[in-house]
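Peer 1: model this:
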Amino acid sequence: MPVKKKKKKNTKKGFTLIELLVVVAIVGILAAIAIPQFQRYRERAFDARAQSDLRNLMTAQEAYFVDNESYTSTLNDLANFGFRPSSGVTVTITSADGSSWSAYAEHPSGTRRFCYNSEGASNGIVSVARGTDCP
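Peer 2: Alright, predicted model coming up:
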């Protein structure tokens, strides 16, 4: 009686080199799209933080004015009125007197500088490119 040889089944399981290269290429393409977009989201978040701090400064300056009948050029004077700048945001009061004040805020990782002048025609926050002087 002849002996039948059993055929070996291919029991090796896994991915081929081509399949792995295709996956790596797809991940690379997705990363090339996502990383720059993520950087823009971060810049916008830093800009929003600076703009928010300037709005909070406006509120604190008006509260200070109600109590003292003048504006202050010192940020420490505004701490009692609830003003605390966000981490990393630079807030600078450029001028202040009995009737008006001006300031700007920016974050080093942001792209914009936000300026405010209480005497301005629009009397609102103006956005300029980071590093540009306020109007």
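Peer 1: okay, and residue 132 sits in which element?
Peer 2: Assigned by DSSP states H and E, residue 132 falls within no helix or strand.
Peer 1: need the CA coordinates for the helix-or-strand element of the chain with minimal mean pLDDT. CSV is fine.
Peer 2: Ranked by mean pLDDT, DSSP states H and E, the weakest helix or strand in the chain is strand 125-129, scoring a mean of 88. Presented in CSV, the C-alpha positions along strand 125-129 are these (Å, rounded to 0.1, in the frame of the first residue of the first chain):
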residue,chain,number,x,y,z
ILE,A,125,-9.1,96.0,19.4
VAL,A,126,-7.0,96.2,16.3
SER,A,127,-5.0,93.2,15.1
VAL,A,128,-1.6,93.7,13.4
ALA,A,129,1.2,91.3,12.4
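Peer 1: residues in contact with that strand?
Peer 2: Identification of contacts with strand 125-129 by CB atoms under 8 Å, 6 or more residues apart in numbering yields 51, 54-55, 111-117, 120, 134-135. (Each C-beta comes from the backbone N, C-alpha and C, glycine too.)
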